[in-house]
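K.L.:
mind folding the following:
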Amino acid sequence: MKRTPRALALALAALLLSVTVNAREEDDCPSDAQMIASMSMAELRQYEVALENPERPFDEVCKDATDQDEADAAGSRLHYCVKRTAPYSSHNPDTGQTETATVTLYDYVSLPRNGQTWMHRVRVVFDAVQGNAMSGLVVFPELYCGSCTDRQPFAPLTLSGPGTFDFAVPLGFDTDEGKTGQDTQLVLSRFNNDQSLIQSSAPTLRCDKVARSSTSGCRFADYPAVFEVSLSDPDTDESAEHIKVAQSTLPGTIGRWHENPDARGVPLRRLRNKRVAGENRSVSGALCRARFPDGAATGLNCDEYPFAATHEGASLVPETSMSVRYILGEDNKKVGEKLGAFYCTHARLLDGEEFWVKVVD
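P.N.:
Just a heads-up that it's a prediction; the model follows:
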């Protein structure tokens with residue numbers, strides 16, 4: 001049975017109560033209720049799925065994985081997947097033959113929305129087998145995590161033939177704030193001979209309790225943070241159009257996202273100081289009145305880009321670095337709520353941390 005928006009919202013509220021009880025936020029972050037209120041139906045359904053299944057499955061996490069350097073690993077601030085492929089060979093003393101196979105390792109993590117514990121997973125695939133190379137082969141991933149509390153090893157597995165083999169170990173962070181690395185080495189042992197054909201390094205993992213008060217969370221901070229605004233969403237189309245024009249006209253195409261780092265604009269930086277953000281809004285409001293003396297009308301708000309909650313806001317930069325226009329107040333409010341959820345929950349940006357804005361169709 002298809003859920004109505006009201007039924008879905010009620011179900012999400014029940015899920016939230018079962019997961020955590022949040023105190024009233026005393027910083028610039030929205031409450032869970034405010035964040036849900038800002039979501040479209042599609043976003044609500046994605047959020048419900050994420051609450052019920054905090055870990056993304058292998059097919060999603062590793063769908064774009066290629067056999068490249070760690071810097072090119074598929075991923076985002078919430079997941080990554082490193083793929084490594086190598087030839088394996090073993091001399092069989094019983095037959096005098098050299099037996100071979102191709103081994104592929106997928107080293108991957110899907111982080112939960114909140115908390116400082118996660119599951120580190122490894123998938124090993126053997127194919128293109130020549131001879132009986134898998135018989136008696138012991139597969140043993142070794143994991144090093146610099147600041148992890150749980151250091152449980154992967155259990156070794158003795159194989160009898162080719163196939164796909166999965167390993168998992170729970171890890172946690174041992175401090176409230178900081179960074180750690182995770183390095184994986186695949187050890188293959190047969191006839192008392194060990195081979196370490198494959199090594200991989202995860203992107204740097206950062207855990208904190210300051211991106212959003214009263215919550216902890218971990219993110220792969222080496223991946224860029226990208227805030228999306230849609231031109232086709234009637235709730236945000238006016239803001240999206242303003243941002244698109246502003247990015248093409250302001251110095252440095254500020255905040256504009258592009259997959260190619262050389263084509264990106266100058267990044268924006270999150271601002272957490274509520275007093276300075278208020279000053280940014282006051283200055284942008286004055287700019288609106290000066291530039292559009294007849295533009296104000298009932299139901300309209302002054303929309304500024306770059307956003308007030310950035311270090312590039314109106315009170316901190318020259319007027320020539322600011323774009324302002326009057327748009328529907330509800331549209332302006334909706335994007336502000338989405339930006340708050342992006343800062344505090346999805347990307348978990350710290351004060352001064354960089355991000356970009358992507359305008360989508």
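
K.L.:
for residue 338, helix, strand, or coil?
P.N.:
For residue 338, the assignment made with DSSP: H, G, I helix; E, B strand; the rest coil gives helix.

K.L.:
can you give me the distance of it to residue 233?
P.N.:
Applying C-beta to C-beta, to the nearest Å, the value for residue 338 to residue 233 is 10 Å. For glycine as for every other residue, the C-beta is placed from the backbone atoms N, C-alpha and C.

K.L.:
one more: residue 95?
P.N.:
Distance from residue 95 to residue 233, counting by C-beta to C-beta: 65 Å.

K.L.:
between those two, which one's more packed in?
P.N.:
Neighbours were counted for residue 95 and for residue 233 using other C-beta atoms under 10 Å; residue 233 has more, 19 against 10.

K.L.:
show the contacting residues for the more buried one.
P.N.:
The contact partners of residue 233, taken as C-beta atoms under 8 Å, 6 or more residues apart in numbering, are 40, 240.

K.L.:
helix, strand or coil for it?
P.N.:
Classification of residue 233 by three-state DSSP places it in coil.

K.L.:
how close does it sit to residue 115?
P.N.:
30 Å.

K.L.:
same question, residue 322
P.N.:
Taking C-beta to C-beta, one finds residue 322 at 39 Å from residue 115.

K.L.:
these two: which is more packed in?
P.N.:
More crowded of residue 322 and residue 115, by other C-beta under 10 Å: residue 322, with 23 against 17.

K.L.:
got the confidence number for the residue lying closest to the more buried one once chain neighbours are set aside?
P.N.:
In space, and not counting its chain neighbours, residue 322 is closest to residue 314: 5.0 Å by C-beta to C-beta, 6 or more residues apart in numbering. Residue 314 carries a pLDDT value of 97.

K.L.:
residue 314: neighbour count?
P.N.:
Number of residues near residue 314 (other C-beta under 10 Å) recorded here: 28.

K.L.:
these two touch, right, residue 83 and residue 64?
P.N.:
No: with contact defined as C-beta atoms under 8 Å, residue 83 does not reach residue 64; the gap is 9.6 Å.

K.L.:
ok, these two, which is more surrounded?
P.N.:
residue 83 (21 against 11).

K.L.:
helix/strand/coil for that one?
P.N.:
With three-state DSSP as the basis, residue 83 sits in strand.
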